[in-house]
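Undergrad: from the sequence below, what's the structure:
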Amino acid sequence: MSVERHYEREFVRTFFTSPTAVDGEDDTAKMIRSAAQLRGMEAPDVWVPDNEDATAPNMRAEGVQNIVEVVAEHGTDFPGEIHPRVVWHRESPTTRYQGFQQMLEVADPDNGAVEHIDGFVIPEVGDIDDWKKADEFFTIIENEHGLEEGSLSMSVIVESGEAELALGDLRAEMGKPSNNLERLFLLVDGEVDYTKDMRAMTPTGELPPWAELRHNTSRGASAAGLIAVDGPYDDIRDVEGYHERMADNRAKGMTGIWSLTPGQVVEANTAPLPPETGRWLLDVGDREVELEEVNGQQVYDDDAVSLEQTADDEYDLHIGNEEHRLSEDDLREELLDRTAYVPSLNDIVDSMEEFEAAKEAGKGAIAMTRAATLVVDGVEVEVTKDRMWDEATYQAAQTPVTLFQDVYDHRPDQHEALEEMYGSDVVERATDVGN
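TA: Model (predicted):
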């Protein structure tokens, strides 16, 4: 069953939440007022004025008014999408009605904010019938205010076992005449409440990694043509851990992640983009080490690996606790197996252009070759990697370029930063290739 999508973005890197009302401040809207003025790499793809968990219950009525005021004033110039989060709960009709009232107020055209609102985020959803209840409220709001049906996107936060199971029902339910679930946009993991719902415990009290939840959300998004986003990474000072989490997510097909600070927004906006320069990696047993380029050679300078030539065609290679006595050819094969190349955006574009030219010439597959001189303890070893490119390889390689193009199309405020990263020539070629 085909589903008509009501949004243009194919990728969302950043989901940034801000409290809508802060108690005890002269300007209770100061957090969302500040967030509304973020630009460039500090501005998220999706900004979420958060009138649920981030805002105290006694401040939520004022939070709704703050959303209206700030979005009406700054929405025109905000470079990302705006999706306020309202209250909702699968087991509480009263809370669901409160969420409906919040959306109804924010979406009132007389308040001047809805023209800048792209949708709403619904937390604490349950089974698929609960998702349909939220969808029906959206339809009522659109009709009440004379908005085009389906114009408000709905994103949900997966925070329960029920919601996780509902991911498997989406593909069958979307597109039925009895609902408007085509309005769905983001599927966002909420690991904290999910942990509570699952009654999970760890010895330290930290959250379990929930790799299965992230995989299931990514799979559900792929099957239904939606976008998956990971939940918050609470240790805002652990930049390396944040990057590791994002890298693990991208291997699952989940590009986006929740951001709690403008600093995390910058990291999450840039991390998924293809590298500025290519780099070689060497597997040293327990980790991969990036080699340093020196005068066109790839140099390993650490103590986990040692290499010594003991005869004309004999080498002793030590990697961790392993010791190998190898011929020159065997050494080359061993190091070849232990090296990997991370291509830059320019490398990817070069390969795609080369394959496109070959395809124009009537070739269905070509070999791409990449060579390097590895230097370990002064010993030079030439390695050459060959990879066959066919149409499937081309399509797989196109994903990071498609991400780049999606960012370039939807975030003009980041054009200058992208040109500084890659150079104007690479940016121009990257926006054209594959089209």
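Undergrad: mean confidence score for stretch 190-201?
TA: Per-region confidence: stretch 190-201 scores 96 on mean pLDDT.
Undergrad: any residues touching it, and which ones?
TA: Contacting residues not belonging to stretch 190-201 are listed as 123-124, 157-161, 164, 207-208, 210, 213, 231-232 [Cβ atoms under 8 Å, 6 or more residues apart in numbering]. Every C-beta, even on glycine, is put in place using the N, C-alpha and C of the backbone.
Undergrad: which among these end up buried?
TA: Neighbour counting with 16 or more other Cβ atoms under 10 Å marks 123, 124, 157, 158, 159, 160, 164, 207, 210, 213, 231, 232 as buried within the contacts of stretch 190-201.
Undergrad: can I assume residue 368 sits in a strand?
TA: Yes. Residue 368: assigned to a strand according to DSSP: H, G, I helix; E, B strand; the rest coil.
Undergrad: for the residue nearest to it when sequence neighbours are not counted, which residues are in contact?
TA: Counting by Cβ to Cβ, 6 or more residues apart in numbering, residue 368 lies nearest to residue 387, which is 5.0 Å off, once chain neighbours are set aside. Shown in contact with residue 387 (Cβ under 8 Å, 6+ apart): 367, 368, 370, 393.
Undergrad: okay, strands next: where are they in the stretch 51-200 of the chain?
TA: In the stretch 51-200 of the chain, the strands defined using DSSP state E, counting those that start in this stretch lie at 81-82, 119-122, 153-158, 184-189.
Undergrad: now distance to residue 138 too, for these, in JSON lines please.
TA: Formatted as JSON lines, the entries for these read as follows, by distance: least, Cβ to Cβ, whole Å:
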{"stretch": "strand 81-82", "distance to residue 138": "16"}
{"stretch": "strand 119-122", "distance to residue 138": "7"}
{"stretch": "strand 153-158", "distance to residue 138": "6"}
{"stretch": "strand 184-189", "distance to residue 138": "10"}
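Undergrad: among those strands, which is nearest residue 413?
TA: Proximity to residue 413, assessed across the strands of the stretch 51-200 of the chain by Cβ to Cβ, is greatest for strand 81-82 (13.0 Å).
Undergrad: quick revisit: which among the contacts of residue 387 end up buried?
TA: 368, 393.
Undergrad: between the contacts of residue 387, which is nearest residue 168?
TA: The shortest distance between residue 168 and any of these, using Cβ to Cβ, involves residue 393 and amounts to 30.7 Å.
Undergrad: look up how far residue 282 lies from that closest one.
TA: When Cβ to Cβ, to the nearest Å is applied, the distance between residue 393 and residue 282 equals 24 Å.
Undergrad: picking up where we left off before, helices - which of the buried ones among the contacts of stretch 190-201 land there?
TA: 164, 213 (DSSP state H).
Undergrad: just give me the least confident of the buried ones among the contacts of stretch 190-201.
TA: Among the buried ones among the contacts of stretch 190-201, residue 207 carries the lowest pLDDT, at 92.
Undergrad: give the buried residues for the helix or strand residue 218 falls within.
TA: Assignment of secondary structure by DSSP states H and E places residue 218 within helix 211-224. Applying a neighbour-count criterion of 16+ other Cβ under 10 Å, the buried positions in helix 211-224 are 213, 214, 215, 216, 217, 218, 219, 220, 221, 224.
Undergrad: per-residue confidence averaged over the helix ranked longest in the chain?
TA: Taking residue count as the measure and DSSP H as the definition, the longest helix of the chain comes out as helix 391-410. Model confidence over helix 391-410 averages 94 on the pLDDT scale.
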